[in-house]
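1. The following block contains a protein sequence and its predicted model.
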Amino acid sequence: MPVGEAFLSAFLQVLFDRLASREFVESFRGRKYDDLLEKLKITLLSVTALLNDAEGKQFYYPAVRKWLHMAKGSLYDAEDILDNLATEALTSKLESESKTEANQVTNWRLISRPLSPFSRGVDFEINKIIEKLELVSKYKDVLGLNDDVKGRLSGFKQRLPTTSLVDESCVYGRDKDKNMIIESLLIDDSGSRKVCVVPVVGMGGIGKTTLAQLVYNDSRVEKHFDLRIWVCVSDQFDVMRVTKTILSSVTSKSVDFDDLNLLQVSLREKLAGKRFLLVLDDVWSRRNNDWDLIWNLLKTGATGSKIIVTTRDSNIAASIGTVPAHQLELLSFEDCRSVFMDHAFENQNFTSMPDMVAIGNEIAKKCEGLPLAAKRLGVLLRSRQKGEWHDASNWKIWDLPDDEGDILQTIGLSYHHLPPHLKQCFAYCSIFPSDYEFDRESLVLLWMAEGFLQQPTGKKKLEEVGVE
């Protein structure tokens with residue numbers, strides 16, 4: 001997948017922000033093309049909603065990927081127009097501020113260059129961009145694109161919720177992590193808060209859910225806690241859904257009413273005096289009002305109650321956790337290789353097939369310690385011939401067949417949760433070749449030159465924003 005198509009909505013959002021900025025609006029207030037700029041702003045906003053949907057669907061539909069490529073050209077033309085308008089505004093400002101004859105001569109030379117960016121008129125150029133963008137938008141029904149601005153991640157296939165069940169025979173390299181977390185769960189630190197929140201942090205596909213499942217099902221944990229509860233939170237922390245799920249787990253009955261007060265009163269009674277373990281899996285939201293409603297309720301549990309929160313975001317872990325986060329690392333090559341071999345050969349004895357093992361080692365290296373990649377590639381190549389294994393050893397993650405694209409989807413979710421300006425910073429790094437070791441300060445300067453960094457507040461310098 002071309003990286004240009006990976007961050008179009010981010011690029012467009014930055015364009016829209018520039019067009020809506022106070023400085024830009026004031027520069028052209030009262031000018032003859034003021035209405036046209038407003039129309040361009042509205043058109044860009046409508047295209048933004050479509051791009052959010054298309055960026056997820058492009059993983060599964062080649063036609064959507066081609067549509068994104070077409071949209072890219074129109075958006076770059078729009079950026080050129082805005083750059084030229086900003087240049088014109090700056091030139092006009094310099095003209096009005098010039099005092100000396102020398103400055104007046106310099107400014108006259110600036111505006112009398114033979115190659116004007118608006119040789120056919122500003123009105124014509126803006127109208128041309130609007131027409132292109134409107135043409136791009138007309139394809140939405142044909143491609144099945146959704147312009148519902150609420151569905152930020154609507155392009156991705158619906159993910160199934162996680163459960164507490166796990167096949168421990170297929171898990172490798174997590175014994176140390178498992179024992180460290182269990183040790184922290186079994187400590188009754190009654191001198192501090194009654195309920196402790198233990199965050200588990202790591203990138204998508206690294207095995208946070210698997211680790212939580214291992215801990216949840218350990219016999220030591222089962223004996224220690226009166227109640228064990230599993231909730232898959234996913235993209236939105238919905239206090240109503242989370243409360244109902246916890247209550248259903250505690251009572252082993254379905255909950256058929258939707259009054260939040262009644263739900264929480266009932267749950268408080270069930271949790272009172274009980275030492276519980278609650279797993280909140282796949283959390284994407286920082287501490288907010290919904291979290292506080294749940295948190296205040298959970299504090300009614302007995303001293304020694306614990307909450308495990310799995311998340312990709314260290315900032316979320318810091319906002320929710322009461323102890324330092326457990327950072328989950330990539331698997332060693334040997335463990336990653338074992339995951340791949342287990343799924344590729346299943347119950348077969350692969351030691352009798354040295355040629356296949358040698359190719360499998362190369363494939364395992366490409367997984368770079370990511371257990372999800374090792375698992376999915378193993379399943380994909382199960383019962384395949386040697387030639388197909390050899391082909392797979394040359395694949396990139398994005399070359400996987402559509403039905404195995406959940407690796408890219410899982411990793412891509414982290415990207416789609418970034419704010420627009422950070423998407424551009426991340427995508428920019430694709431200009432570096434694989435395994436290239438870049439210099440942080442140099443990269444920050446490149447980002448600054450491209451205008452990707454947000455203007456700092458207070459006394460902070462732009463370089464400091466880039467380092468963050």
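-> That came through fine.
2. now the strands for this structure?
-> Using DSSP state E, the strands of the chain run over residues 195-201, 227-234, 276-283, 305-311, 326-327.
3. Which stretch among these is buried most, on average?
-> Most buried of these by mean neighbour count (mean count of other C-beta atoms under 10 Å) is strand 305-311; its value is a mean of 25. From N, CA and C alone the C-beta is placed, and that goes for glycine too.
4. closest to Leu75 out of the strands of the chain?
-> Across those, the minimum distance to Leu75, taken as C-beta to C-beta, is reached by strand 227-234, at 30.7 Å.
5. For the residue nearest in space to the middle of the chain, give its distance to Asp282.
-> Compute the mean C-alpha point of the chain, and by C-alpha atoms, centre = their mean the closest residue is Ser414, 2.1 Å away. Here Ser414 is placed at a distance of 12 Å from Asp282 (C-beta to C-beta, to the nearest Å).
6. repeat for Pro371
-> 16 Å.
7. Could you list the low-pLDDT ranges of the stretch 301-450 of the chain?
-> Low-confidence segments of the stretch 301-450 of the chain, defined by pLDDT under 70: 347, 350, 352, 397-406.
8. now do the stretch 1-150 of the chain
-> Judged against pLDDT under 70, the low-scoring parts of the stretch 1-150 of the chain cover residues 1-14, 16-18, 20-34, 49, 56, 59-60, 89, 92-93, 96-122, 147-150.
9. Show me the helices in it, by range?
-> According to DSSP state H, counting those that start in this stretch, the stretch 1-150 of the chain carries its helices in the segments 3-6, 8-20, 22-27, 34-57, 62-97, 101-111, 122-137, 140-143.
10. same for the last one, what does it pack against?
-> The reference is to helix 140-143. Using 3 or more C-beta pairs under 8 Å, 6 or more residues apart in numbering; DSSP states H and E as the contact criterion, the elements in contact with helix 140-143 are helix 34-57, helix 62-97.
11. export those to TSV and tack on mean neighbour count and distance to Phe124?
-> Below are the helices and strands packed on helix 140-143 laid out as TSV (neighbours: other C-beta atoms under 10 Å; distance: least, C-beta to C-beta, whole Å):
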stretch	mean neighbour count	distance to Phe124
helix 34-57	19	10
helix 62-97	16	11
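12. These: which one's closest to Ile181?
-> Comparing the helices and strands packed on helix 140-143 by their distance to Ile181 (C-beta to C-beta), the top pick is helix 34-57, with 32.6 Å.
13. okay, the angle between the closest one and helix 122-137?
-> Using axes from the mean of the first three to the mean of the last three C-alpha atoms, to 10 degrees, the interaxial angle of helix 34-57 with respect to helix 122-137 works out to 30 degrees.
14. okay, the helices and strands packed on helix 140-143 in CSV with distance to Asn146 next?
-> As requested, the helices and strands packed on helix 140-143 are exported to CSV (distance: least, C-beta to C-beta, whole Å):
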stretch, distance to Asn146
helix 34-57, 5
helix 62-97, 12
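15. do you know which of the ones you listed lies nearest Leu331?
-> When the helices and strands packed on helix 140-143 are ranked by distance to Leu331, counting by C-beta to C-beta, first place goes to helix 34-57 at 27.6 Å.
16. what helices or strands is the closest one leaning on?
-> Checked by 3+ C-beta pairs under 8 Å, 6+ apart, helix 34-57 has helix 8-20, helix 62-97, helix 122-137, helix 140-143, helix 406-416 packed alongside it.
17. If we use 6 Å, what do you get?
-> Secondary structure elements in contact with helix 34-57, counted by 3 or more C-beta pairs under 6 Å, 6 or more residues apart in numbering; DSSP states H and E, are helix 8-20, helix 62-97, helix 122-137.
18. so how far is that helix off the chain centroid?
-> Taking C-alpha atoms, centre = their mean, to the nearest Å, one finds the center of helix 34-57 at 21 Å from the center of the full chain.
19. can I get the helices and strands packed on helix 34-57 in JSON lines with distance to Thr210?
-> JSON lines is the format used below for the helices and strands packed on helix 34-57 (distance: least, C-beta to C-beta, whole Å):
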{"stretch": "helix 8-20", "distance to Thr210": "31"}
{"stretch": "helix 62-97", "distance to Thr210": "32"}
{"stretch": "helix 122-137", "distance to Thr210": "42"}
